[in-house]
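1. I need the structure of the sequence given here:
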Amino acid sequence: MAAKSREHSTTQPLNHLTDSGFSLIEIVAALFILAVAIVPMIKAYAPALSSTTGKEEMVVFANQARGTLYRLLALDYATLNANLGDPADLSSLFGSGAEAAKETFMLNGRSYTPKLSIADAGGGPEGLLELTVTLENVVLSTLKANL
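-> Next up, the predicted model:
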């Protein structure tokens, strides 16, 4: 009887190993089915991600242009009037190249510098200037009076 139980115990694990688990073909088939299902889902997100990137750039450009416009408005009328032009020289406006360099920024590995335009808006003897900041496709403008 002992021989019988030993024979049974040695053959049982071998049969058990061959009966359980997945074959290589089953695993490859499962991976193929997953790939077929996942690839279209990933492609569906691509337009949303590119749209988000474009909106992010627009917000950054608008905020940077707004900041530059506020810096221009903080300057006195005489300084702005002395630097009429399209484009206006940043170094002359802000007093130094170091101050002008504060307007340059990096986004996604590219460097951007806003373009400034200062024009006489025909305000009569008191004076009125039109200040315009252009950064890529964002254009902001305002008026500055000689008060």
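
2. any weak-confidence spans in this structure?
-> Along the chain, the parts satisfying pLDDT under 70 run over 1-19, 123-124.

3. give the other helices and strands that the host helix or strand of Leu69 contacts.
-> According to DSSP states H and E, Leu69 maps onto helix 24-74. Applying 3 or more C-beta pairs under 8 Å, 6 or more residues apart in numbering; DSSP states H and E, we find helix 24-74 packed against strand 105-107, strand 115-120, strand 128-135, strand 138-145. For every residue, glycine as well, the C-beta is placed using N, CA and C.

4. could you redo the last one with a cut-off of 10 Å?
-> Under the contact criterion of 3 or more C-beta pairs under 10 Å, 6 or more residues apart in numbering; DSSP states H and E, helix 24-74 touches helix 77-82, helix 90-94, strand 105-107, strand 110-112, strand 115-120, strand 128-135, strand 138-145.

5. tell me the most buried of these?
-> For the helices and strands packed on helix 24-74, the largest average neighbour count (mean count of other C-beta atoms under 10 Å) is found in strand 128-135, namely a mean of 20.

6. tell me the angle of the helix holding Leu69 relative to strand 115-120?
-> Here helix 24-74 runs at an angle of 30 degrees relative to strand 115-120 (axes from the mean of the first three to the mean of the last three C-alpha atoms, to 10 degrees).
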